[in-house]
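In: Return atomic coordinates for the entry below.
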Amino acid sequence: MLIVSPHARRRYPTLFAVWVAAALGLVCTGGIRHAAAQGAQPAAIQFSLDRVLDASAAPFVLASTRGLFRAENVAVTTTIATGPQDAIERVASGTSDLALVDLNVLIRFRDKAGAPPVKAVFVLFNKAPYAIIARKSRGVSVLSDLEGKTLGVAEGDFSIWFWPALAHQNGIKIANVKQAGFSPAVREPMLAAGQVDAINGFSYLAAVNVRDRGVPADDLTVLRYADYGCEAYGFVLIVNPAFAAARPDAVKGFLRAVIAGTRLTAKDPARAVDDVLTLMEGGSREVELTRLRVVLRDNILTDDARRNGIGGIDAARFARSVDQLAEDAKFRAKPAVTDIFDDSFLPAASARLIH
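Out: Alright, predicted model coming up:
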């Protein structure tokens, strides 16, 4: 299921998501004409986002609007999937060549019998955005305060997969935390109305959207899973195996453009948001800029990414994250990092540094 706030649903309805996809494709059409004029036929790439557009997609928008895809001689058409499962299935079937999805959804997908060998080739979110957003006025300021409280969990929210490991690591008895399930459409309203004490979700979506609903910032606490021992990586780029084998240079060019787009986003988030807003109907500049700054600080430009460059995976950390994921549901066969991630398309680490 698509995990997105009720506000986002109202701002970017399905028909508008299609318009966004078309707009991104049209931006890239100029690249096709430019490359053709230079006598080089650009590689056509079908790319899918797994959710409606928001500021967190700025690296891809800037790769398009600033001519970075064009410079790599790739012509990218972007479409919007209905969720991570749909995005993975599009790549597996070849409907899309690449997609942005959560790594842990991919890991679960690959554990199914007969699953196509789709792999990730680039990590955008070095730390997953999973978080519990709580209200201090409801008595929750730190993770241990959740005992005796009610945690709201939206249907289809896969970030809750890491809750058993998180609770175990932090000495919390899961049985003492009541879970209330509901539709994603009412997640933030339930917390804003005080009908639950906390909600599970993404820090850059749910937390920002709750503040946008008028809950005072000093009444909110964002308990990021990563701050409490969760090792999970977040959003990654996955590629269709046949496309990767046939067009490796196109995949490498796409990644270089995204890295360059991330660098521009980090350099000037405000200007990056302005680019994104040209493709959004009724988006709030203040909200989207807050969203992007949260993503850059907490998920993309982590200490590890600043030290080693964005895009890669540490094998030992990956193994620990798989062990944590297994506390929710056992694997048919625990994957090694090489089963899920292919680093052969990445540029050298020095070319992936963002200062």
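
In: Who are the contact partners of Val337?
Out: 313, 315, 318-319 (CB atoms under 8 Å, 6 or more residues apart in numbering). In this view, the C-beta of every residue, glycine as well, is placed from N, C-alpha and C.

In: Give me the contacts around stretch 317-328.
Out: 104, 107-108, 160-166, 168, 230-233, 331, 334-337, 340-341.

In: Which PyMOL command selects the buried ones in those?
Out: Per 16 or more other CB atoms under 10 Å, the buried members of those correspond to this PyMOL selection:
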select buried, resi 104+107+108+160+161+162+163+164+165+166+230+231+232+233+335+337+340+341
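
In: for the record, mean pLDDT for the strand or helix carrying Arg320?
Out: For Arg320, the element it lies in under DSSP states H and E is helix 315-325. The predicted model gives helix 315-325 an average pLDDT of 98.

In: just checking, next helix/strand downstream of it?
Out: helix 337-340.

In: what distance separates that next one from the middle of the whole chain?
Out: 19 Å (CA atoms, centre = their mean, to the nearest Å).

In: What segments of the protein are strands?
Out: In the chain, the strands defined using DSSP state E lie at 43-49, 74-80, 98-102, 119-123, 130-135, 150-154, 178-182, 198-202, 220-224, 235-239.

In: Against Asn209, how distant is the closest residue to Leu124 other than its chain neighbours?
Out: Nearest residue to Leu124, sequence neighbours excluded (CB to CB, 6 or more residues apart in numbering): Phe235, at 4.8 Å. For Phe235, the distance to Asn209 equals 18 Å [CB to CB, to the nearest Å].

In: burial measure for Asp249, as a count.
Out: Number of residues near Asp249 (other CB atoms under 10 Å) recorded here: 12.

In: what residues are up against the nearest residue to it once chain neighbours are set aside?
Out: Of all residues not flanking Asp249 in the chain, Ala43 sits nearest, at 7.4 Å (CB to CB, 6+ apart). By CB under 8 Å, 6+ apart, the contact set of Ala43 is 73-75, 247, 249-250, 253.

In: quick one: Val273 from Asp219, how far?
Out: Taking CB to CB, one finds Val273 at 26 Å from Asp219.

In: do Gly94 as well
Out: 48 Å.

In: Just give me the neighbour total for Pro347.
Out: 13.

In: so it makes contact with Ala257?
Out: No. The criterion here is CB atoms under 8 Å, and Pro347 misses it with Ala257 at 11.2 Å.

In: pLDDT weak spots in the stretch 251-355 of the chain?
Out: Along the stretch 251-355 of the chain, the model assigns pLDDT under 70 to no residue.

In: same question, the chain
Out: 1-39.

In: Spit out the contact partners of the residue positioned nearest the centre of it.
Out: When CA atoms, centre = their mean is applied to the chain, the residue found nearest the centroid is Phe235 (3.8 Å). Contacts for Phe235 (CB under 8 Å, 6+ apart) come out as 100-103, 123-125, 299.

In: With respect to Val61, which of those residues is nearest?
Out: Leu100 (12.0 Å; CB to CB).

In: does that closest one have beta-bridge partners, and which?
Out: Leu49, Leu237 (DSSP bridges).

In: What distance do you get for it to Leu53?
Out: 11 Å.

In: Comparing the two, which residue is more hemmed in?
Out: Leu53 (28 against 25).

In: Quick check, that one in contact with Met280.
Out: Yes. Between Leu53 and Met280 there is a contact at 6.0 Å, judged by CB under 8 Å.
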